[in-house]
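> just the structure for this:
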Amino acid sequence: MTKRPLKVNFNLSNVRGDSATVVLTATVNGERARFSPGIVINPIYWDKKKGKLDSRVNLDRTHPKGVNEVLQSWKEYAQAVYAENENITKSDFIKVLKERIAGKTIDKSNSVKSTLDGFAADYAAERKASAASPRDFDNLSTTARYLARFAEAKGKSIYWRNVDRSFAWQFKRFLEGQVFNLSQNQVSNIFSRLRHIIRAAGSGVGNKGYHSNQAHELPDFRIGREDSYKHYLNFEELDRMLSTDFSDASSLEEVRDMFVLSCFTGLRLSDAKTLNRDNLHITSSGKEQIKIYCTKPKRYVNIPLLPKAKQILEKYNWVLCYYADPVYNRKIKEVAARAGIDTPGEHTQTRAGKKTTATFAKWEKVCSHDARRSFATNFYEMGLSASLLMQITGHSREQMFFNYICTSPEKSAELMAKEIDRINLNK
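Numbers count the residues shown, from 1 in each chain. Take a look at the predicted model:
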């Protein structure tokens, strides 16, 4: 029977002025364990109830970033250590955590070596612990949790010898249950990461060598994807946003400006939040650009500073207001609704194993990532090449870039006719 995860908390110790040490605490088989992973933070940003830094820390440009992600990786690692050995003592538990800091390789328990659910939890924690950006591996942790819940529902661990067609079918049915209400694309993503986890534990070069099972190569482990709903805001709709009066709601005006800024720069919301005047770059020919290090492509990107983007940045003196992503996405819908962006739409998808068709007004689906889609689509429709726009969006492959293009078949035909007129081929 799969054990319930160890309850892990984080508290502060050695609080002195603007410095405090984060301490991991957990009750291990009746004994209270305390361990310091060596993380120092400013205590004014600490949320005691949630045991992590609150959102205000994002406004402090001098404070270390990614602390909450590192704490989450330590939590998952501690839970994996406990799950591997239900009889582990407090001293051995702390010893294993210290070995992780020292970079030592520790022997894996039988549950990690011989079971899919045991390995998945350990592997996800391992990848997050060694990553510069632990959040990049959140999806592995999510898949590991689904596997743990599946094993708990079955009342037994998933041994490598039992990973076969029958397992794939049962796990798929489990994910499609009403309790999760997952879409087919979400199930497809989980199976994609499942194949990655099984492969990592296998006998290939560079893998762990815990099994020689090749069942993950079977078609049963590949779930087809459906077309996702995607849209963009055209220039007319963006102008409508900008002309809408939000003097009675300053937060909506701030969110509106951040969204429009991304529509004219192509920046992700996470990167746009970090902008400051130091990102203003003047070329040798005197042209103004934004030069910024983007976290996703992990490289510097140069973006022409267009008039609307410059106007917004100067309005806030190049320091944008901060909103947590859920708050931002809720408010941008309200912005779009008040701007009258209400074109009707519909989308059919498979959710919880059943086909469903939803109808909605366009504003109901507007979210932060639509800004990048709007940037890519609007300027692509103006005639800018994909290769040129990819230098700004940071995409390395055209296939990924074209996922952002929302041009309708009707619009595509219009653009083609316009281009034919330009080169006089229809005369």
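
> and Val22, what element?
Using DSSP states H and E, Val22 sits within strand 19-28.

> in that strand, what counts as buried?
Buried residues in strand 19-28, counted by 16 or more other CB atoms under 10 Å: 20-26, 28. Every residue, glycine included, has its C-beta placed from N, CA and C.

> same for it, what does it pack against?
In terms of contact count using 3 or more CB pairs under 8 Å, 6 or more residues apart in numbering; DSSP states H and E, strand 19-28 is assigned the packing partners strand 8-16, strand 31-35, strand 40-41, helix 67-84, helix 90-102.

> can you list the strands that that strand pairs with?
Its sheet considered, strand 19-28 pairs with strand 8-16 (antiparallel), strand 31-35 (antiparallel), strand 40-41 (antiparallel) by DSSP bridges.

> what's the most buried one of those?
strand 40-41 (a mean of 18; mean count of other CB atoms under 10 Å).

> distance from that one to the middle of the chain?
25 Å (CA atoms, centre = their mean, to the nearest Å).

> and stretch 290-307, by the same measure?
19 Å.

> report the buried residues of that stretch.
Burial within stretch 290-307, assessed by neighbour count using 16+ other CB under 10 Å, is assigned to 290, 292, 294-295, 301, 303, 305.

> go on, stretch 41-48?
Buried-residue list, stretch 41-48, by 16+ other CB under 10 Å: 41-43, 45-46.

> pLDDT of the strand holding Val22, averaged?
Computed over strand 19-28, the mean pLDDT rounds to 92.

> quick check: which element contains Gln186?
With DSSP H and E as the criterion, the answer for Gln186 is helix 184-201.

> meant to ask about Pro5, not that
Assigned by DSSP H and E, Pro5 falls within no helix or strand.

> so this protein: which segments form each domain?
Domains of the chain are assigned by automatic domain parsing as 1-107, 135-225, 235-422.

> run through the strands of this protein in chain order.
Counting by DSSP state E, residue ranges of the strands within the chain are 8-16, 19-28, 31-35, 40-41, 46-47, 52-53, 280-282, 288-294, 299-304, 344-351, 354-361.

> nearest to Tyr323, of those strands?
Closest to Tyr323 of the strands of the chain is strand 52-53 (CB to CB; 16.2 Å).

> list of residues touching stretch 327-342?
Residues outside stretch 327-342 that contact it (CB atoms under 8 Å, 6 or more residues apart in numbering) are 233, 237, 240-241, 244, 246, 251-252, 255-256, 258-259, 269, 323, 361-364, 366-368.

> ok, Ala129 - contacts?
With CB under 8 Å, 6+ apart as the criterion, the residues that contact Ala129 are 73-74, 77, 100.

> where in the chain is pLDDT low?
Residues of the chain that meet the criterion pLDDT under 70 lie in 1-4, 60-65, 102-109, 132, 425-427.
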